[in-house]
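Student: I would like to see how this sequence folds:
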Amino acid sequence: RRYDEYISAAKENDPTFQPHNLTFGQMYGAFSTYWRDGRILFGDVAGYGKTAQGIAAKIIWEIHHGKMPTIVFGPNSSKQVWEAEVRHDYPEPRIRVINSYDKEALSHLSDQDFVVINYDSLGSPHTREKVMASLRRIKSPGIVLDEGQLLKGARTRRFKSVKPILDRAAILNILSYTPF
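Tutor: Numbering: from 1, shown residues only. Purely as a prediction, here's the structure:
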């Protein structure tokens, strides 16, 4: 019953919201981001729609809390997948895919619906600091950690690089095919 109420509310507030590509379980997971104050782990095998779930979770959150930029951290192989899925599922998306340190690409990130960045862009200290300085300018972003298991632990360089942004995140979705 709760699921049907939220679907009705979502459709009333945004007629472009059409969860046509998600199963009931995936939509329930997407709504769980809202129900659990913006913090959730989507764990499933590869190819079962975690990216679409993350996009749906952002849409649902925005319906109830207003628009927000979302930063997607992930492996290099997922950048094109995210760009294609966002263009397919998100209404009139403004998306910036960061391929390397590029002053122009890193400007005006707050104006984007999605910013997609490779974990490896956080590798060298020089690049990491410039990229993170640009990302820190985004107020209360949504964060998606695609293949979140790649952060490996709180003591790793990758985790320490993203931690300051995670602390300010309005929502935090971790997507992983190895949740345990």
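
Student: how near is the residue most central in space within the chain to Arg155?
Tutor: The centroid of the chain falls nearest to Val144 when counting by Cα atoms, centre = their mean (3.0 Å). Distance from Val144 to Arg155, counting by Cβ to Cβ, to the nearest Å: 22 Å. C-beta: built from backbone N, CA, C; applies to glycine.

Student: ok, now Gly49?
Tutor: 32 Å.

Student: can you check Glu85 too?
Tutor: According to Cβ to Cβ, Glu85 stands 32 Å off from Arg155.

Student: same question for Leu22.
Tutor: As for Leu22, its distance to Arg155 is 36 Å (criterion: Cβ to Cβ).

Student: check contacts around the residue nearest to Gly148 when sequence neighbours are not counted.
Tutor: Leaving aside its sequence neighbours, Gly148 sits nearest to Ile174 (Cβ to Cβ, 6 or more residues apart in numbering; 3.7 Å). Ile174 makes contact with 40-42, 144-145, 148, according to Cβ atoms under 8 Å, 6 or more residues apart in numbering.

Student: got any ranges where the chain has weak pLDDT?
Tutor: Residue ranges of the chain with pLDDT under 70: 1-21, 100-102, 123, 179-180.

Student: which parts of it are strands?
Tutor: Assigned by DSSP state E, the chain shows strands spanning 39-43, 70-74, 95-98, 114-118, 142-146, 171-176.

Student: just put those in CSV and tack on distance to Gly29.
Tutor: What follows is the strands of the chain, written out as CSV (distance: least, Cβ to Cβ, whole Å):
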stretch, distance to Gly29
strand 39-43, 6
strand 70-74, 17
strand 95-98, 23
strand 114-118, 19
strand 142-146, 13
strand 171-176, 10
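
Student: can you tell me which of those strands is nearest to Lys130?
Tutor: Of all those, it is strand 95-98 that lies closest to Lys130, at 10.9 Å by Cβ to Cβ.

Student: strands paired with the closest one, and their directions?
Tutor: If you go by DSSP bridges, strand 95-98 pairs up with strand 114-118 (parallel).

Student: restricting to C-alpha, output the strand it pairs with in PDB.
Tutor: In PDB, the C-alpha atoms belonging to strand 114-118 read as follows (Å, rounded to 0.1, in the frame of the first residue of the first chain):
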ATOM      1  CA  PHE A 114      24.600  14.600 -12.800                       C
ATOM      2  CA  VAL A 115      28.400  14.800 -12.600                       C
ATOM      3  CA  VAL A 116      30.000  11.400 -13.500                       C
ATOM      4  CA  ILE A 117      33.600  10.900 -12.400                       C
ATOM      5  CA  ASN A 118      36.000   8.000 -12.400                       C
END
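
Student: touching that strand from outside, list them.
Tutor: For strand 114-118, contacts defined as Cβ under 8 Å, 6+ apart pick out 69-76, 78-79, 82-83, 86, 90, 93-99, 109, 131, 135, 138.
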